[in-house]
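**Q** just coords:
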């Protein structure tokens, strides 16, 4: 009897959630979080590895700012790119420090694709902020970013949004 009751509750729960999900037609909203102005030094090649061409781009500093956060990009990180034809995967690993002294670790994964009639460059940064800081909200959301049209000599400008 207990198994039947549990099965009935689970069936109702899943049926309700599936019906709810089928009615969802709205796209998620984006909320601007920050602009990163990341300085880099000369890239170097590790060479051709089984998965493609490995390029490393050292991160040497920079700054970031947004409505609720600002500070500096710390030197010592890098963007690890793996090129294979017209598609490059990237994984930038670095840290930022807010103007009130909080360190936040960043891991930004994405792709760059250059096709015949297309250019696509998007990434999804993940932030690791201290739980006891007022930046804990960075730990609990999904973010997307893309390069700005603004050109930064010796670097890149990235705009970051939170998916709401």
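**A** Done, it's in. Values in this document were obtained by computation on a predicted structure and should not be read as measured data.

**Q** In contact with the closest residue in space to residue 161 that isn't next to it in sequence, which residues?
**A** Distances taken as CB to CB, 6 or more residues apart in numbering place residue 30 nearest to residue 161, at 4.0 Å, with adjacent residues excluded. Any C-beta I mention is one placed from the backbone N, CA and C, and that applies to glycine too. Residue 30 is in contact with 144, 161-164, counting by CB atoms under 8 Å, 6 or more residues apart in numbering.

**Q** Now intersect the residues you listed with the strands, please.
**A** 144, 161-163 (DSSP state E).

**Q** Which pair of those residues spans the longest distance?
**A** Across the ones in strands among the contacts of residue 30, the longest distance by CB to CB is 8.5 Å; it joins 144 and 162.

**Q** Shouldn't residue 123 be within a strand?
**A** Yes: according to DSSP: H, G, I helix; E, B strand; the rest coil, residue 123 belongs to a strand.

**Q** partner residues bridging the residue nearest to it when sequence neighbours are not counted?
**A** Of all residues not flanking residue 123 in the chain, residue 110 sits nearest, at 2.6 Å (CB to CB, 6+ apart). Residue 110 has the following beta-bridge partners by DSSP bridges: residue 90, residue 123.

**Q** quick revisit: let me know the closest of the ones in strands among the contacts of residue 30 to residue 133.
**A** Residue 133 has its nearest neighbour among the ones in strands among the contacts of residue 30 in residue 162, at 16.8 Å by CB to CB.

**Q** Enumerate every residue touching the residue nearest to residue 99 when sequence neighbours are not counted.
**A** Leaving aside its sequence neighbours, residue 99 sits nearest to residue 71 (CB to CB, 6+ apart; 4.7 Å). Taking CB under 8 Å, 6+ apart as the criterion, residue 71 is in contact with 63-65, 96-100, 102.

**Q** at 7 Å instead, please
**A** Applying CB atoms under 7 Å, 6 or more residues apart in numbering to residue 71 gives the contacts 64, 96-99.

**Q** Give me the buried entries from these.
**A** 64, 96, 98 (16 or more other CB atoms under 10 Å).

**Q** Which of the residues you listed sits closest to residue 79?
**A** For these, the nearest to residue 79 is residue 96 (14.4 Å; CB to CB).

**Q** what packs against the longest strand seen in the chain?
**A** Counting by DSSP E, the longest strand found in the chain is strand 52-66. When contacts are defined as 3 or more CB pairs under 7 Å, 6 or more residues apart in numbering; DSSP states H and E, strand 52-66 packs onto strand 30-40, strand 44-49, strand 69-73, strand 78-84.
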